[in-house]
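*Asks:* Provided below for reference: sequence and predicted model.
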Amino acid sequence: MDRKDFLTAIGMGAASVAVFNCIGCSKGSTGSPSTSAPTNVDFTLDLNASTNSALNTNGGYLYSGGIIIARTTTGTYIAVSQTCTHQTYNVIYRANNKQFYCPNHGAIFSETGVSSGIETSKPLAQYKTQLTGTNLRIYS
């Protein structure tokens, strides 16, 4: 094999690896979040459990079952679908701004999931919350 054939073979191999990696990690691949919101939701979080401790502080939030559950600065609980409706990235809760925000491309949603129109006009699905003692129920 001469030098030209060797470099061509190496170049094709590198291109194959790059294409495979790009296809393998595309937003729609298995394991990625879905842009469709969870339906028939009904689960309860024990706020005494250490895994749910973020919800014991105003402004805290966590993800569970495809939903982001947050405690507002006034202490109320809110829940919306965790995946941005523009692309399959998780939104975060910004308590001081009273909004959900997609850090990957800047989409902004109100605390009720309404889009600001930046990147998408489709809202996040909203879920009901009910606090009974230290149990927080999230349901559709």
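*Replies:* Cool, the structure landed.

*Asks:* Name the strands paired with the lengthiest strand in the chain and say parallel or antiparallel.
*Replies:* Ranked by number of residues, the top strand in the chain under DSSP state E is strand 126-132. Using DSSP bridges, strand 126-132 pairs in its sheet with strand 77-81 (antiparallel), strand 135-139 (antiparallel).

*Asks:* in this structure, which spans are helices?
*Replies:* 3-24 (DSSP state H).

*Asks:* Mind splitting it into its structural domains?
*Replies:* According to automatic domain parsing, the chain comprises the domains 1-32, 42-139.

*Asks:* residue nearest the centroid of the protein?
*Replies:* By Cα atoms, centre = their mean, the mean C-alpha position of the chain lies nearest to Asn90, the distance being 1.9 Å.

*Asks:* any idea how far that residue is from Gly75?
*Replies:* Per Cβ to Cβ, to the nearest Å, Asn90 is found 24 Å from Gly75. In short, each C-beta sits where N, CA and C put it, glycine included.

*Asks:* For burial, what's the neighbour tally of Tyr127?
*Replies:* If you count neighbours by other Cβ atoms under 10 Å, Tyr127 ends up with 23.

*Asks:* Spatially nearest residue to it, not counting backbone neighbours?
*Replies:* Excluding the flanking residues, the one nearest Tyr127 by Cβ to Cβ, 6 or more residues apart in numbering is Ala79, at 4.1 Å.
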